[in-house]
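> Model the following, please.
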Amino acid sequence: MIERIECVQGDIARQCDIDTVVNAANAQLRSGGGVAGALHRAAGPGLAEECRPLAPIRPGEAVITGAHGLPNRHVIHCLGPVYGVDEPADELLAACYRNALELAERHGIRSIAFPALSAGAFGYPPAEAARIALSTVVSTLPRCPGIERVRFVLFDATSRDLHQRTLATLESGTASQRE
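Residues are numbered from 1 along each chain as shown. This next block holds a predicted model:
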């Protein structure tokens, strides 16, 4: 499963070779700062129109829309937990990744790109967010055989390196379990 996961530094709105990108959404599925703002700006006003009747969503939930002006087929919108407010934060964050992957599988999506959900303005500690994200993806992928590639698109090199180290740790733990 781990060979299907990659971590890169980049712009989530410019993932031309990926079927679906994941939006770090707010409850109302509106444009905002960070990932939501970047995706809404790149997608154009059609995304906001399609999102309107789907809102509000709750922490851990995921909904799917078209990608509009983005170079992808779909956008999956996830509302991550606000750290220290939405509890149990670890379960809600894991639910975001699990629900997004299961939604992608149901829609025949072969590749999906995630940002670091809740690790920005929602205040989740980055190392803990990376551990939850990657371990959830690794444990969920066996139930999603149609998904061939999962990409984590991180804003800066520090976040990319953190995710790569976390993935390597999971990989070495998985390898030792097989021995």
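
> show me the contacts for residue 105.
143, 144, 145, 146, 147 (Cβ atoms under 8 Å, 6 or more residues apart in numbering). All C-beta atoms are positioned from the backbone trio N, CA, C, and that covers glycine.

> Kindly report the same for residue 116.
24, 126, 129, 130, 133, 152, 154, 155, 159, 163.

> The residues you listed in helices, which ones?
Counting by DSSP state H, the members of those that fall within helices are 126, 129, 130, 133, 159, 163.

> Could you double-check that the last one lies in contact with residue 7?
Yes - using Cβ atoms under 8 Å as the test, residue 163 is close enough to residue 7 to be in contact (4.1 Å).

> what about those two, which has more around it?
Legend: neighbour count by other Cβ atoms under 10 Å for residue 163 and residue 7, higher for residue 163 (28 against 23).

> circling back to that earlier point, out of the contacts of residue 105, who's nearest residue 47?
Nearest to residue 47 among the contacts of residue 105 is residue 147, at 22.6 Å by Cβ to Cβ.

> Wait, a strand at that closest one?
No - using DSSP: H, G, I helix; E, B strand; the rest coil, the assignment for residue 147 is coil, not a strand.

> can you pull the contacts of it?
Contacts for residue 147 (Cβ under 8 Å, 6+ apart) come out as 4, 101, 104, 105, 109, 110, 111, 112, 141.

> Which helix or strand contains the fourth one?
Read it as residue 105. helix 89-106 (DSSP states H and E).

> quick one: strands adjacent to the helix or strand just after that helix?
Toward the C-terminus, helix 89-106 is succeeded by strand 111-114 as the next helix or strand (DSSP H and E). Paired strands of strand 111-114, with direction, are strand 20-24 (parallel), strand 149-154 (parallel) (DSSP bridges).

> which one of those strands is the most hemmed in?
strand 20-24 (a mean of 29; mean count of other Cβ atoms under 10 Å).

> Check the offset of that strand from the chain's centre.
Relative to its chain's centre, strand 20-24 lies at 6 Å (Cα atoms, centre = their mean, to the nearest Å).

> follow-up on the earlier one: check which residues of the helix holding residue 105 are buried.
89-90, 92-101, 103-105 (16 or more other Cβ atoms under 10 Å).

> In those residues, find the pair that's most separated.
Between all members of those, the farthest pair (by Cβ to Cβ) comes out as 89 and 105, at 25.0 Å.

> Make CSV out of the ones in helices among the contacts of residue 116 and add distance to residue 20.
Below are these laid out as CSV (distance: Cβ to Cβ, whole Å):
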residue, distance to residue 20
126, 24
129, 20
130, 21
133, 16
159, 21
163, 19
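
> one step back: quick one: average pLDDT of the helix holding residue 105?
The pLDDT scores in helix 89-106 average 98.
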